[in-house]
Structures are given as structure tokens and as C-alpha cells.
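> just a sequence and a predicted model for now, questions to come.
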Amino acid sequence: TNGLVTDEDGDYEYWVEIFNGTGQTVDLSGYALTDDRTLAIKWKFPAKTLFPGQYITVWASAKDRKTSSLHTNFKIDQDNEKVYLSTAGGMLIDSVPSANLRRDVSWGRLPDGGTQWKYMTNVTPGSSNKAPGYTTLLEEVTASHKDGFYTSQINLNFNSADQGVQIRYTNDGSDPTQASTLYQQPINIAGRIGEPNVFSMIPTNDNPDPGPPFYEGWQPPAGEVFKIHTLKARAFREDAPPGPVSTYTYVIDPEGAERYSLPVVSISTDPDHLFDPETGIYVPGNHNNFKQEWERPAHITLFETSGMPAFKDNVPLITSWSRERL
């Protein structure tokens, strides 16, 4: 998994966990990990003792560290990547079978040291694997209409390739949960002219004096802010972890793509990631938030001047303070 825990640098990296399920103490010196079966010894463990019942976490980050934290000299990704554990002599001891990984989902033996491999949403690096475990993953929810600019309202349908699922969705940028709105019928997506400003009315600067030399004091928008639609959908079923979050962005305006002469970038995220006093990165908050080197997950869509999406993807959202320092 790479979406719930970070390494000592604050980076989300994939990781593997070594567990000593025997009654013997094991000296890992010279033992090796690799993602290439033809190259048994790719990254060697330093002098390290693994006691019975103990766990060691190794980050597959390509940072190649062997001090307080262990980092391999190779990276793994989510697409059926295998990892092999060998002795110092190159003899294969164990391997992780192929599996498609998802953000916030780990793949491991349940119970520890057993023969069954399961997907788990209780991610526990450095400690015992936790139930429940699942044998399947759900697919992404698809939409009847592509992201884009539309000159009139549309009726949006969600679909899933998996049988027996519930599809739940949000329209405020947050990820759907079991408590989110249940999709039961087409969703009407229309223009939003006349809706009040909400998020743009949240002060993002606590400077009481907006005067010279920087004019940094927060000011409300001069009028109604043009608003678009961002919907996030996800499949749920009892025998599987929640499916991946699908994000769809729609601009409804009589002018369509002619409304703007330049490409349009849409960034969506949970409002709490931006404005919560404890965790929001665009407000002074309780911790001088916007000056912290914090990252928050987000989704980005780039629209060409034709109104069609050039690309869309999930990304980390970095604070403006971090960008200045970079």
C-alpha cells in the first residue's frame, strides 16, 4: 500500500514487511530483497536481528538506506509487482505473489505467517496483520458522460462492472463513504448560476490590514463565483474493500468551451484538506497551517480549449508555502 502511512521523509512509498514466524532468532545480515527473479541479490539487509514474532518494515522507495529506516534500492508499483526474499547465498526463501494493489489497501498473509494471502484495509506496518481480509477488489465506477464542458444540463448515470454493489457518491470533493448518498437514479447536472458562494467566503489570510506594501489581507470575491460540478463515486460490497474513487468534472454553461480562451485546470479535494482549522492547508488554522510543509491528496483534470480533458489523475496537493520553498 502507499496511501495511509509515510516514511521518515513524509513520502508515501510502497513497503514490504518481514515477519519471523519461527521460534528461532534470525540474523538477516546479507539476506536480500529483489523485484527481479533473475537477480536474486539486489538489495542486501544490514546487520539486523529478527527475534521470534518480530516484524521489520522495508520501504521499496529506491532511496537505498540501511540506518534507522530500511529502504531498498528499487521501487515497486501497484501492478502485479513481485518481491523476493533470498538468503545471502541467493537461495529463495519466500516471495509475494502477484496482486493488483490499491491505495489504502495492503496485501499480506492472514493470519501472520499463514498460507492465505488477503487484501486488508487495516494497514499495520511493523505489527500483526488485522482482519478482515478479502480475496477480491472492486473495479472503478464509470460514468455515462465524459468529463468536459456542456452547453446544457445532462442526466448522469453511474455503472459498475461488479455485481451486487452499491454505488455511493459525493459532490463536495470528499471521498464517498458508506454514509454518502446512494446512487439510485440518474443525477441531473445543470448550471449553477445563482448558487451562493460558500468556500470562496472562507478567509485564507489573517492579516487585518490589506494595505501596502503587499496588500495581503483577505478580501471576499466581488460577486458570484462561477461554479462547476465535481462528483466522486465508489462501489461498496460486503465481501470486498471499498472500490477506488472515480472523479468526474463537468462544466455546464451556455457558452460551453467558448467560456474560456485558455486551458482550464480543475483541482478537487476534500474541503477539510483546505479549510479545516486542524488539517486545512489554505487557512491560518490552529497551527499557522498554510506555512506547514503539508501534503493533501487531490484530483486534477486538465481541459483543453476544446473543452475535452487532456488528462486526469490523483495527485498530492502541496501547500503554497512548500512551493515557495522549493
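Arrived safely, thanks for sending. Residues are numbered from 1 along each chain as shown.
> in the stretch 1-150 of the chain, which spans are helices?
Here the stretch 1-150 of the chain has no helices by DSSP state H, counting those that start in this stretch.
> where does it dip in pLDDT?
Counting by pLDDT under 70, the ranges of the stretch 1-150 of the chain that qualify are 1-4, 78-80.
> ditto for the stretch 201-326 of the chain
207-215, 318-326.
> try it again with 90
203-220, 222, 281-284, 288-297, 314-326 (pLDDT under 90).
> ranges for the strands of it?
229-236, 246-252, 264-268, 295-303, 309-318 (DSSP state E, counting those that start in this stretch).
> need the contact partners of the first one.
Think strand 229-236. Applying C-beta atoms under 8 Å, 6 or more residues apart in numbering, the contact partners of strand 229-236 are 138-141, 143, 156, 158, 160, 162, 165-171, 173-176, 178, 180, 183, 187, 189, 192, 242-252, 266, 268, 299. For the C-beta atoms, the positions are set from N, CA and C on the backbone; glycine is no exception.
> picking that back up, how about the strands of the stretch 201-326 of the chain in JSON lines, adding mean neighbour count?
Output for the strands of the stretch 201-326 of the chain, formatted as JSON lines (neighbours: other C-beta atoms under 10 Å):
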{"stretch": "strand 229-236", "mean neighbour count": "23"}
{"stretch": "strand 246-252", "mean neighbour count": "23"}
{"stretch": "strand 264-268", "mean neighbour count": "16"}
{"stretch": "strand 295-303", "mean neighbour count": "18"}
{"stretch": "strand 309-318", "mean neighbour count": "14"}
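> JSON lines for these, including distance to L50?
JSON lines is the format used below for the strands of the stretch 201-326 of the chain (distance: least, C-beta to C-beta, whole Å):
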{"stretch": "strand 229-236", "distance to L50": "38"}
{"stretch": "strand 246-252", "distance to L50": "41"}
{"stretch": "strand 264-268", "distance to L50": "44"}
{"stretch": "strand 295-303", "distance to L50": "32"}
{"stretch": "strand 309-318", "distance to L50": "33"}
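> N157: neighbour count?
14 (other C-beta atoms under 10 Å).
> OK, contacts around it?
Contacts for N157 (C-beta under 8 Å, 6+ apart) come out as 143-144, 186-187.
> cool, and Y183?
Contacts of Y183 by C-beta under 8 Å, 6+ apart are 158, 166-169, 233.
> next, format those residues as TSV and append secondary structure.
Putting these into TSV (DSSP: H, G, I helix; E, B strand; the rest coil) gives the following:
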residue	secondary structure
F158	strand
Q166	strand
I167	strand
R168	strand
Y169	strand
A233	strand
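> of the residues you listed, keep whichever come out buried.
Neighbour-count burial (16 or more other C-beta atoms under 10 Å) applied to the contacts of Y183 gives 158, 167-169, 233.
> quick one, helices of the stretch 151-300 of the chain?
Using DSSP H, counting those that start in this stretch, helices in the stretch 151-300 of the chain cover 271-275.
> buried among the contacts of N157? Make that a PyMOL selection.
Here is the PyMOL command that picks out the buried ones among the contacts of N157, judged by 16+ other C-beta under 10 Å:
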select buried, resi 143+187
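> so which of the contacts of N157 is the closest to F19?
A143 (41.5 Å; C-beta to C-beta).
> my guess is that closest one contacts T249, does it?
No - counting by C-beta atoms under 8 Å, T249 is not a contact partner of A143; they are 10.4 Å apart.
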